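> turn this into a structure:
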Amino acid sequence: MNISAIVQHAKESLLVHGSHWPTLLVESDTASTIFILDGFGQPNGTTLDKQKYLFRVGVQFGADHKGSEVKQVCLITEAWASTVKHGEQPISAPSLDPNRREMLMIVVLDVMPTPGGKSHLKQAVHVYEMLRAGTSLDLLAQNKEAEEIESMMLPSFVAGWASTKLSEGQLQDIVARFEG
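Next up, the predicted model:
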């Protein structure tokens, strides 16, 4: 996926709508799909809630694109950031900090097949500070290159998608583990 094009599209959306809906871009060998994640990141929601949400979206993608192979997944979302001076206590949530900064985060997950039928997952994040002035908006990159990360957020989508590829026998084996 072209990060520059994603950033430009996000900027246009921010200028027109004032905000950017959490969005998931999925690139497979058969399709490029966009999901607007209505309900993602609800107030009082947890990271686990978000992972479950993305798992369900992965199941939906797998059901709609049977036989496809996911190549890349990209999550675009707004976030708050806080800066804490040395020796100060951090505020519990950046959204509550009166000096918070508005950010745009783009997390990219590459799904790379390996010998033996498994996949290697590699994630990176691109972070941009949103600088608003009246009706103008600039997105200031916070890092020159994407920063590699480890997170279970986007792998939850991949797990949901992969679950749709299970055979009936494999699914019955999983269910049998939980039967009394």
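
> next structured bit after the helix ranked longest in the chain?
With secondary structure taken from DSSP state H, the chain has its longest helix at helix 47-64. As assigned by DSSP states H and E, the chain's next helix or strand after helix 47-64 is strand 70-81.

> show the average pLDDT along that following strand.
The predicted model gives strand 70-81 an average pLDDT of 94.

> off-centre distance for it?
For strand 70-81, the distance between its averaged C-alpha position and the chain's averaged C-alpha position is 3 Å (Cα atoms, centre = their mean, to the nearest Å).

> swap in stretch 3-19?
When distances are taken as Cα atoms, centre = their mean, stretch 3-19 is centred 16 Å away from the chain's centroid.

> now for the closest residue to Met105 other than its chain neighbours, how many residues are close by?
Here the nearest residue to Met105 in space, its sequence neighbours aside, is Ala79; by Cβ to Cβ, 6 or more residues apart in numbering that works out to 5.1 Å. Backbone N, C-alpha and C define where each C-beta goes, glycine included. The number of residues packed around Ala79, counting by other Cβ atoms under 10 Å, is 15.

> ok so, going back, can you give me the angle the longest helix of the chain makes with strand 70-81?
Here helix 47-64 runs at an angle of 150 degrees relative to strand 70-81 (axes from the mean of the first three to the mean of the last three Cα atoms, to 10 degrees).

> helices and strands around helix 47-64, which ones?
Helices and strands in packing contact with helix 47-64 are listed as strand 23-28, strand 32-36, helix 153-163; criterion 3 or more Cβ pairs under 8 Å, 6 or more residues apart in numbering; DSSP states H and E.

> what packs against the shortest one?
So the one you mean is strand 32-36. For strand 32-36, the packing partners by 3+ Cβ pairs under 8 Å, 6+ apart come out as strand 23-28, helix 47-64.

> that strand versus helix 153-163: what angle between them?
Taking the same axes, to 10 degrees, one finds strand 32-36 and helix 153-163 inclined to each other by 120 degrees.
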